[in-house]
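# Need coordinates for the following:
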Amino acid sequence: LPPQHVLKPMTESTTDEVHRVLKRLMNRDFCGYYFNKPVDHVAMRLLHYPARIIKPMDLGTILQKLAEDKDRDWEAKTYQYIEDFAADVRQVWKNALHFNQLPEQKEPHVAFKAAATLAKDFEKVMAKLHDQLNAESPPCPKLLRAKLLLADIRRSPFSEYFRREREWRAGGDKYVNF
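Predicted structure coming up:
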């Protein structure tokens, strides 16, 4: 199916809703310090940050992209689909979890705990929003949804095992060419 029948487009009302979701997230505890603006790795003396975090993302940048999209034509929008927005928010959590999970620490860093909690809350809100959007339009077929999720997992920094050639080759053609 073409993307417009599978993915949920960012209509004006959907954009307003995700904007509200994002603002609620940004007002939560710890967001102001850890997630609302880009990590200033130089000022924080985190010189290894750029080497560990390949795709930096923060909630403030997402908010700015949403604002810029209001004045753009459909083809020029950063967030054409709700899934594009969700991927960027998830990237914030992935980065925080990846960077702040250090094996030598006995207790996880507060940013790690906050990201884990906020990620769970975000997924609950997105599930409700998807249910609402599915009621308004045809739902995504399960096989196609699985393919989209698999593609997202492959992009995740936590999917290293699955990105090793010997591992996915062992899965055969069905794993590689779905």
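
# and the nearest residue to residue 7 once chain neighbours are set aside, bridged to which residues?
Nearest non-adjacent residue to residue 7, counting by Cβ to Cβ, 6 or more residues apart in numbering: residue 81, 4.0 Å away. Where you see a C-beta, it was placed from the backbone N, CA and C, and this is true even at glycine. Taking DSSP bridges as the rule, residue 81 bridges to residue 9.

# was I right about residue 81 contacting residue 8?
Yes - Residue 81 lies in contact with residue 8 (Cβ atoms under 8 Å); the separation is 6.0 Å.

# between those two, which one's more packed in?
When residue 81 and residue 8 are compared for neighbours, residue 8 comes out ahead with 22 against 17, by other Cβ atoms under 10 Å.

# ok, the more buried one to residue 35 distance?
As judged by Cβ to Cβ, to the nearest Å, residue 8 and residue 35 stand 24 Å apart.

# what do you get for residue 52?
Taken as Cβ to Cβ, the span from residue 52 to residue 35 is 17 Å.

# Out of these two, name the residue with the larger neighbour count.
Using other Cβ under 10 Å as the criterion, residue 52 and residue 35 rank with residue 35 on top: 25 against 12.

# quick one: the more buried one from residue 93, how far?
Here residue 35 is placed at a distance of 8 Å from residue 93 (Cβ to Cβ).

# For those two, list the residues in contact with both.
115, 118 (Cβ atoms under 8 Å, 6 or more residues apart in numbering).

# how many neighbours does residue 132 have?
Neighbour tally, residue 132, other Cβ under 10 Å: 12.

# Walking through this structure, point out its helices one by one.
3-6, 12-26, 31-34, 49-52, 59-69, 82-100, 110-136, 142-155, 160-163, 165-170, 173-176 (DSSP state H).

# Most tightly packed of those helices?
Mean neighbour count (mean count of other Cβ atoms under 10 Å) peaks for helix 82-100 among the helices of the chain, with a mean of 20.

# Of all residues in this structure, which one is nearest the centre?
Using Cα atoms, centre = their mean, the residue of the chain that lies closest to the mean C-alpha position is residue 90, 2.2 Å off.

# Relative to residue 115, how far out is that residue?
Distance, residue 90 to residue 115, using Cβ to Cβ: 10 Å.

# Contacts only, for the residue nearest to residue 7.
3, 7, 8, 9, 10.

# rerun that using 6 Å as the cut-off
Shown in contact with residue 81 (Cβ atoms under 6 Å, 6 or more residues apart in numbering): 7, 8, 9.

# got it, and residue 32?
Counted by Cβ under 6 Å, 6+ apart, residue 32 has zero contacts.
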